[in-house]
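Engineer: everything below, folded, please.
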Amino acid sequence: MEVSVLGAAKQVGRSAFLLKGDKTRVLLDYGVQLGKTPSFPSHVKPKDVDGIVLSHAHLDHSGAIPLFFLKNKLPVHATDLTMELSELLIEDFVQLSRFSLPFEYLEVVNMMKNAKGAKIGKKSKIGEFSISFLEAGHIPGSAIVQLDNGKKRVIYTGDFNAEDTNLLKAASTDWNEPDIIITESTYATADHPAREDVEDDFIAFLKEVVERGGIALVPAFSVGRAQEMACILKKKKFPYPIAMDGMALKTNDILMRYQEYLRDPVLFKKSLGSLEIMRNWGQRRRIMKQPSVIIAPAGMLVGGSAVFYNNEVSKNSKNAICIVSFQVPGTPGRTLLEKGIILVNGKAQKVKAEVRRFNFSSHSGRSKMLDIFKKINGSPKVLTVHGEATSCIKFSEDLNELGFESYAPDVGFKLEV
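Structural biologist: A predicted model of the protein is given here:
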């Protein structure tokens with residue numbers, strides 16, 4: 001068995017790996033790198049692939065899959081919820097892209113026609129490979145993927161979080177005895193603060209902003225993070241107006257049909273009931289005159305309704321912008337965090353609003369990841385990917401010290417067992 005690294009090598013973005021068995025070739029994810037211009041993984045000819053397995057819906061894992069449907073028919077295996085959320089995110093990517101993408105809506109439609117949705121804990125098959133989806137705890141529908149051809153077993157973590165959140169159950173880390181592990185390394189050099197403490201600080205800050213007459217903008221990923229924020233506000237009985245806008249509203253509608261993927265469906269439904277849903281510009285103009293909390297995508301301020309709110313909220317020192325999502329280098333959100341600057345009509349402007357970051361990560365941190373690997377049976381070879389270079393390299397070194405044969409690969413690296 002051989003794994004070829006096509007992307008996500010010493011970077012967060014364009015996750016893609018080609019797994020070759022005796023007779024079957026499976027693509028694990030095929031995402032884009034978001035930034036000033038989107039970039040793609042190394043090219044693979046569709047005729048050289050027997051099927052695609054998608055770990056979860058985020059564009060850095062799913063966004064380039066339509067490239068395989070310009071003329072071809074390949075099965076795409078994922079959880080049923082992941083497929084529906086991927087369609088939502090990729091169609092939005094096509095619509096909002098300011099660049100000429102190498103595919104259009106038709107390819108997204110063809111991708112969905114070839115979707116093979118499954119449930120967590122269920123198995124599917126591509127050629128010689130049996131595919132199992134384990135809970136990943138990252139976003140709704142996300143899965144850790146186990147592939148087995150009867151001779152060798154591969155674990156592909158995708159992105160995972162081994163701790164419960166308000167929205168999702170913790171990832172499953174019962175990985176049997178794999179021969180290869182392809183693991184994310186996003187936070188492999190840092191631990192997260194206690195979740196309850198972050199939630200309490202977040203609520204206290206929001207109350208402070210609203211009580212001084214300000215508006216707190218919470219730019220949040222439309223799939224998962226926006227809903228998690230709403231659940232926290234409901235659980236903590238936040239007493240002031242809360243609005244939600246943008247594509248998160250479509251995600252809410254989808255999740256209502258897939259409540260079996262949620263840790264606490266009752267809390268989720270109650271949280272939606274406490275929101276004011278932004279449907280038109282009249283509502284948006286009114287909420288901007290009212291001390292409140294506004295949850296709006298995109299989480300990195302690349303596009304979506306958060307851009308409108310950010311341009312308005314940033315002008316007033318009473319207001320605040322709460323960064324609750326990971327910010328990829330080069331994105332407007334990262335620039336805001338590092339320099340306190342946003343672009344309005346192409347011109348850089350200093351932000352007057354208070355900017356505060358809260359660590360609501362949906363990835364496991366260093367200590368948790370090391371604990372998981374210490375309990376793994378067997379002697380798998382490990383690829384550390386999906387992290388900035390320092391994280392991938394350091395985590396690989398840590399795993400080598402634990403006795404694993406581990407690599408922080410570059411694009412083009414091949415691993416055989």
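Engineer: and the gap between residue 415 and residue 241?
Structural biologist: As judged by CB to CB, to the nearest Å, residue 415 and residue 241 stand 52 Å apart. Placement of C-beta: from N, CA and C, glycine included.
Engineer: strands of the stretch 251-400 of the chain, start to end?
Structural biologist: Secondary structure of the stretch 251-400 of the chain, counting by DSSP state E, counting those that start in this stretch: strands at 276-277, 292-296, 320-323, 341-344, 347-350, 354-357, 381-385.
Engineer: now mean neighbour count and mean pLDDT too, for those, in a markdown table please.
Structural biologist: As requested, the strands of the stretch 251-400 of the chain are exported to a markdown table (neighbours: other CB atoms under 10 Å; pLDDT from 0 to 100):
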| stretch | mean neighbour count | mean pLDDT |
| --- | --- | --- |
| strand 276-277 | 14 | 95 |
| strand 292-296 | 26 | 96 |
| strand 320-323 | 24 | 94 |
| strand 341-344 | 16 | 80 |
| strand 347-350 | 10 | 84 |
| strand 354-357 | 16 | 94 |
| strand 381-385 | 25 | 98 |
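Engineer: which strands or helices does the helix or strand bottoming out on mean pLDDT in the chain pack on?
Structural biologist: Here the helix or strand of the chain ranked lowest by mean pLDDT, DSSP states H and E is strand 341-344, holding a mean of 80. Packing contacts for strand 341-344, counted by 3 or more CB pairs under 8 Å, 6 or more residues apart in numbering; DSSP states H and E, involve helix 305-313, helix 332-339, strand 347-350.
Engineer: run through who's touching it.
Structural biologist: 301, 310, 311, 314, 332, 335, 336, 348, 349, 350, 351 (CB atoms under 8 Å, 6 or more residues apart in numbering).
Engineer: can you select the buried ones from those residues in PyMOL?
Structural biologist: Applying 16 or more other CB atoms under 10 Å to those, the buried members can be selected in PyMOL as follows:
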select buried, resi 301+310+314+332+335+336+351
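Engineer: which of the contacts of strand 341-344 scores worst on pLDDT?
Structural biologist: Here the lowest pLDDT out of these sits on residue 301, with 76.
Engineer: distance check, that residue against residue 314.
Structural biologist: Counting by CB to CB, the gap from residue 301 to residue 314 is 10 Å.
Engineer: just residue 76 next, same as before
Structural biologist: 40 Å.
Engineer: pLDDT below threshold where in the stretch 1-150 of the chain?
Structural biologist: Flagging of the stretch 1-150 of the chain using pLDDT under 70 yields the residue ranges 35-36, 98-99.
Engineer: how about the strands in it?
Structural biologist: 2-5, 16-20, 25-30, 51-53, 76-79, 115-118, 123-126, 129-135, 143-148.
Engineer: okay, now the sheet partners of the shortest one, with direction.
Structural biologist: Strand pairing for strand 51-53, using DSSP bridges, gives strand 25-30 (parallel), strand 76-79 (parallel).
Engineer: who touches it?
Structural biologist: 24, 26-30, 65, 68, 74-78, 126-127, 131, 145, 147, 156.
Engineer: could you redo the last one with a cut-off of 6 Å?
Structural biologist: 26, 27, 28, 74, 75, 76, 77, 126, 131, 145 (CB atoms under 6 Å, 6 or more residues apart in numbering).
Engineer: only the buried subset of the residues you listed, as a ChimeraX command please.
Structural biologist: The ChimeraX selection below is limited to those of those classed as buried (16+ other CB under 10 Å):
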select :26,27,28,74,76,77,126,131,145
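Engineer: of the contacts of strand 51-53, which pair is most distant in space?
Structural biologist: Maximum pairwise distance among these (CB to CB): 16.4 Å, between 74 and 145.
Engineer: got CSV for the strands of the stretch 251-400 of the chain, with distance to residue 404 too?
Structural biologist: CSV is the format used below for the strands of the stretch 251-400 of the chain (distance: least, CB to CB, whole Å):
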stretch, distance to residue 404
strand 276-277, 48
strand 292-296, 40
strand 320-323, 34
strand 341-344, 42
strand 347-350, 46
strand 354-357, 33
strand 381-385, 5
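Engineer: which one of those strands lies nearest to residue 102?
Structural biologist: Nearest of the strands of the stretch 251-400 of the chain (CB to CB): strand 381-385, 23.6 Å.
Engineer: using PDB, write down the CA coordinates of that closest one.
Structural biologist: Below are the C-alpha coordinates for strand 381-385, written out as PDB (Å, rounded to 0.1, in the frame of the first residue of the first chain):
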ATOM      1  CA  LYS A 381       3.900   4.900  10.100                       C
ATOM      2  CA  VAL A 382       2.700   8.400  10.500                       C
ATOM      3  CA  LEU A 383       2.400  11.500   8.200                       C
ATOM      4  CA  THR A 384       1.900  14.800  10.100                       C
ATOM      5  CA  VAL A 385       0.000  17.200   7.800                       C
END
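Engineer: tell me which strands and helices that strand is in contact with?
Structural biologist: Here strand 381-385 touches strand 180-184, helix 389-401, strand 405-407, going by 3 or more CB pairs under 6 Å, 6 or more residues apart in numbering; DSSP states H and E.
Engineer: distance of the residue nearest the centre of the chain from residue 298?
Structural biologist: Nearest residue to the geometric centre of the chain (CA atoms, centre = their mean): residue 58, 4.5 Å. Distance, residue 58 to residue 298, using CB to CB: 12 Å.
Engineer: then residue 149?
Structural biologist: With CB to CB as the criterion, residue 149 and residue 298 are 39 Å apart.
Engineer: between those two, tell me which one has more neighbours.
Structural biologist: residue 298 (25 against 19; other CB atoms under 10 Å).
Engineer: that one contacts residue 304, correct?
Structural biologist: Yes. Look at residue 298 against residue 304 with CB atoms under 6 Å: they come within range, at 4.0 Å.
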